[in-house]
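Peer 1: predicted structure and sequence below. I'll ask about it afterward.
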Amino acid sequence: MVIGGMKHIKGPIPESFSNLTHLIQLILDDNSLQGNIPSGLGHLSLLQGLSLSGNRLRGQIPPSLGNLRNLQLLNLARNFLSGPIPPTFKNFQALLSLDLSFNMLSGLLPDCVGQFRNLTLIDLSNNQLSGQIPISLFSLAKLLDLSLSHNQLTGKIPDQIGELKSITTLQLSDNQFTGHIPGSISGLQSLWNLNLSRNGLSDPLPDTLGRGIHSLLSIDLSYNNLSLGTVPNWIRSRQLRAVHLAGCKLRGTLPSFPKPDSLNSIDLSDNYFTDGFSNFFANLSSLEKVKLANNQLKSDLSEIRLHEGLSSIDLHTNQLTGSLSRILNNKTSSFLEVIDLSGNQITGGIPEFSEGLNLKVLNLASNRIASHIPSSISNLIELERLDVSRNQITGTIPTGLGLLLKLQWLDLSINGLTGSIPNSLLGIEDLRHANFRANRLCGEIPQGRPYNIFPAGAYAHNLCLCGKPLPPCREKKQGNMGQ
C-alpha cells in the first residue's frame, strides 16, 4: 500500500495513519501539514519510504521512528523540526537515503550513522548541529553525497575522509572547521563537487591535491584563513565548471584559464586583484555567473566582452570607469538576470532598456551616474531589485516604474530627483523596501500600503514631501480645520 501524490493538504498528520500496517510508502511532500510527527508512525513496520519534506512540521523527531527497520528512504527536510537526531536511528540497517536538511535540529551527529552500510546520501545541511564529525561516518563505502553545510560543526576535518571512495559530492561549508585541508581528499577519485567554504581552514593546501581528484568539476574554498597569493596551477589548468576562491588573499592580475571552455561559474570576490580585465572574458564562452566584487580592478567598461549565455555579473566595489552603454544596450542578452556595478566610478547616464530583457537585479548604487531614469525602465518587467542610490540622477521618477509588479526592493536615495512620488507605485504590491531619502521631491507620499507605513527616514531630507508617515500636507490640514 502506497500513499503519495497528495497536494494542498493542511492540518496535522492523522494519528489514524498508525493503523495502516500494510503501508510501504508514505509520501506527503510539499504540502501545508502542521503539528508534530505522530509517534504512531513507528508502528508501520513494513514502511520502506517516509517523506514529509516541505511542510510546516514542528517539535522533535519521534524516537519511535527507529522501529522502522525496513526503512530505505527518510526525508524530513524543509520543516521546523528541532531537538536531537534520535539515537534510535541506529536500527535503520536498510537505509539508503537520509535527508533532514533545512530544519532546526541540534546536538551531536550520532555515531550510529556509520552503521548504515548501504547509505548513498546524507544531507543534514542547514541545521544547528554541533561537535565533531564522528569517525564512523567515514566507513560508509557506498556513500555518494555528503552535505553537512550550514551547521556549527567544529574540530579538524579527519584524515579518514579519504576512505569515502565512492563519494561524488562533499559539502562541509559554513561550519567552524579549523586546521589544514587533509591530503587524503586527493584520493577521492570520484569526487566532482568539493565545497569547504566559510570555515577556519588554514594554509598550506596539500601538494597531493594537484595529483588527485581527477573527476573534480567544482571547487569552493572561499572565506577560510587561506593566503593563496595566486590561483594554484592545478585549479587553473583543469577543465572545471566552477571555481570559487573568494576571500583567499589572491593578488596581482586576474588569472587566465588554459581550458576555459567548460567554466560556467567564477567567484574571485574579496581579494586584491589589480589592473584591468585584459582578455579575462575573451575565451570564457560558457560563463554563466561571474563575481569579481571588492577587488582593486581598474578598467573601463569597454574592456568587458559579455558572452551570450551570461546570467549574472557582479563587479561591485572596484575602480571601474566608463559608460553603462557598454553593458546595457540593444545587444544585451535576454539571459542576463543580475547586474551589480555598485561602488565604482561609472559616469554618463542610464541607457534605454529594450523589450525582452529579463533583468531581476540592477544595482548601480554609489557611482557618478547623471541624467535621468529613462521611462523605458518599464520594460524591465522581471525586475525584483533596483538600486540607483548615491548617484547624481536628476529629473522625475517615471510613472512607468509602477509597472514593475515584481519589484521588492527600490532605492532612489541621495540623488537630485524632483517632482513627486507617482501614485502608480501603489500597484507594486510585493515591495518590501523603498528609500526616497535625500532628493528634491515634493508633494504627497502615495497614501496606501506599503508607502504610508515605511519609516519616516525613507522620505527624509527632501524638498517638501508630506503625508503619512510624515506630517499631513498643508492644504489637507487647512481643509480639516475648516470643517
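Peer 2: Cool, the structure landed.
Peer 1: could I get the full set of helices for this structure?
Peer 2: Secondary structure of the chain (DSSP state H): helices at 233-236, 474-481.
Peer 1: mean pLDDT lowest where, among those?
Peer 2: In terms of mean pLDDT, the lowest-scoring of the helices of the chain is helix 474-481 (a mean of 55).
Peer 1: quick one: contacts for L95?
Peer 2: L95 makes contacts with L71, Q72, L73, L74, F116, N118, L119, as judged by CB atoms under 8 Å, 6 or more residues apart in numbering. For glycine as for every other residue, the C-beta is placed from the backbone atoms N, C-alpha and C.
Peer 1: filter these to the buried ones?
Peer 2: With neighbours counted by 16 or more other CB atoms under 10 Å, the contacts of L95 contain buried members at L71, Q72, L73, L74, F116, L119.
Peer 1: hang on, the third one packs against S53?
Peer 2: No. Here L73 lies out of contact with S53, judged by CB atoms under 8 Å, at a distance of 10.8 Å.
Peer 1: dump the contacts of L95 to CSV, plus distance to H150 and pLDDT.
Peer 2: Output for those, formatted as CSV (distance: CB to CB, whole Å; pLDDT from 0 to 100):
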residue, distance to H150, pLDDT
L71, 25, 96
Q72, 26, 97
L73, 22, 97
L74, 20, 97
F116, 22, 90
N118, 26, 93
L119, 21, 96
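Peer 1: which pair in those residues spans the largest distance?
Peer 2: L74 and N118 (13.0 Å; CB to CB).
Peer 1: what stretches of the protein score poorly on pLDDT?
Peer 2: 1-6, 476-483 (pLDDT under 70).
Peer 1: try 80 this time
Peer 2: When residues are selected by pLDDT under 80, those of the chain lie in 1-7, 278, 330-331, 475-483.
Peer 1: ok so, going back, how about the contacts of L95 in JSON lines, adding distance to S262?
Peer 2: Output for these, formatted as JSON lines (distance: CB to CB, whole Å):
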{"residue": "L71", "distance to S262": "39"}
{"residue": "Q72", "distance to S262": "36"}
{"residue": "L73", "distance to S262": "33"}
{"residue": "L74", "distance to S262": "36"}
{"residue": "F116", "distance to S262": "35"}
{"residue": "N118", "distance to S262": "33"}
{"residue": "L119", "distance to S262": "31"}
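Peer 1: what's the closest of the residues you listed to T332?
Peer 2: The closest of the contacts of L95, once distances to T332 are taken by CB to CB, is L73, at 44.9 Å.
Peer 1: list the contacts for the closest one?
Peer 2: L73 neighbours (CB under 8 Å, 6+ apart): Q48, G49, L50, S51, L95, L96, S97.
Peer 1: now with 7 Å?
Peer 2: G49, L50, S51, L96, S97 (CB atoms under 7 Å, 6 or more residues apart in numbering).
Peer 1: and if you look at C442?
Peer 2: Per CB under 7 Å, 6+ apart, neighbours of C442: S420, L463, C464, L465.
Peer 1: recalculate using a threshold of 10 Å.
Peer 2: T418, G419, S420, I421, N462, L463, C464, L465, C466 (CB atoms under 10 Å, 6 or more residues apart in numbering).
Peer 1: surely R390 touches N439?
Peer 2: No. Contact criterion CB atoms under 10 Å: R390 and N439 do not qualify, at 11.5 Å.
Peer 1: ok, the two, which is more surrounded?
Peer 2: Between R390 and N439, counted using other CB atoms under 10 Å, N439 has the larger neighbour count: 25 against 19.
Peer 1: give me the distance between that one and I181.
Peer 2: To I181, N439 is 50 Å away according to CB to CB, to the nearest Å.
Peer 1: then H8?
Peer 2: Applying CB to CB, the value for H8 to I181 is 46 Å.
Peer 1: likewise T88?
Peer 2: 35 Å.
Peer 1: and for F177, the neighbour number?
Peer 2: Neighbourhood size, F177 [other CB under 10 Å]: 22.
Peer 1: repeat that for A282.
Peer 2: Neighbours around A282, by other CB under 10 Å: 12.
Peer 1: return the residues in contact with it.
Peer 2: S256, P260, R305, H307.
Peer 1: mind doing that once more with 8 Å?
Peer 2: R305.
Peer 1: T88 and I181: which has the busier surroundings?
Peer 2: Counted by other CB under 10 Å, T88 and I181 do not tie: I181 has more neighbours, with 24 against 18.
Peer 1: partners of the closest residue in space to the more buried one that isn't next to it in sequence in the sheet?
Peer 2: Spatially, and ignoring its direct neighbours in sequence, I181 is nearest to L201 (5.6 Å; CB to CB, 6 or more residues apart in numbering). As for beta bridges, L201 partners with G179 under DSSP bridges.
Peer 1: show me how far stretch 384-392 is from its chain's centre.
Peer 2: 21 Å (CA atoms, centre = their mean, to the nearest Å).
Peer 1: mind saving the C-alpha coords of that stretch as PDB?
Peer 2: Output in PDB follows, covering the C-alpha atoms of stretch 384-392 (Å, rounded to 0.1, in the frame of the first residue of the first chain):
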ATOM      1  CA  GLU A 384      12.900  42.500  -8.300                       C
ATOM      2  CA  ARG A 385      15.600  44.800  -7.100                       C
ATOM      3  CA  LEU A 386      16.500  48.300  -8.300                       C
ATOM      4  CA  ASP A 387      19.200  50.400  -6.600                       C
ATOM      5  CA  VAL A 388      20.400  53.600  -8.100                       C
ATOM      6  CA  SER A 389      21.200  55.400  -4.800                       C
ATOM      7  CA  ARG A 390      24.100  57.700  -4.200                       C
ATOM      8  CA  ASN A 391      24.500  59.000  -7.800                       C
ATOM      9  CA  GLN A 392      23.800  62.300  -9.500                       C
END
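Peer 1: can you list contacts of it?
Peer 2: Here stretch 384-392 makes contact (CB under 8 Å, 6+ apart) with 342, 350, 360-370, 373, 377, 380, 404, 406-416, 435.
Peer 1: just the buried ones from those?
Peer 2: Buried, going by 16+ other CB under 10 Å: 342, 350, 360-367, 369-370, 373, 377, 380, 404, 407-415, 435, out of those.
Peer 1: between the two ends of stretch 344-354, how far is it?
Peer 2: Terminal residues of stretch 344-354 lie 24 Å apart, using CA to CA, to the nearest Å.
Peer 1: pull out the buried positions in that stretch.
Peer 2: For stretch 344-354, a neighbour-count test (16+ other CB under 10 Å) marks N344, I346, G348, I350, P351, F353 as buried.
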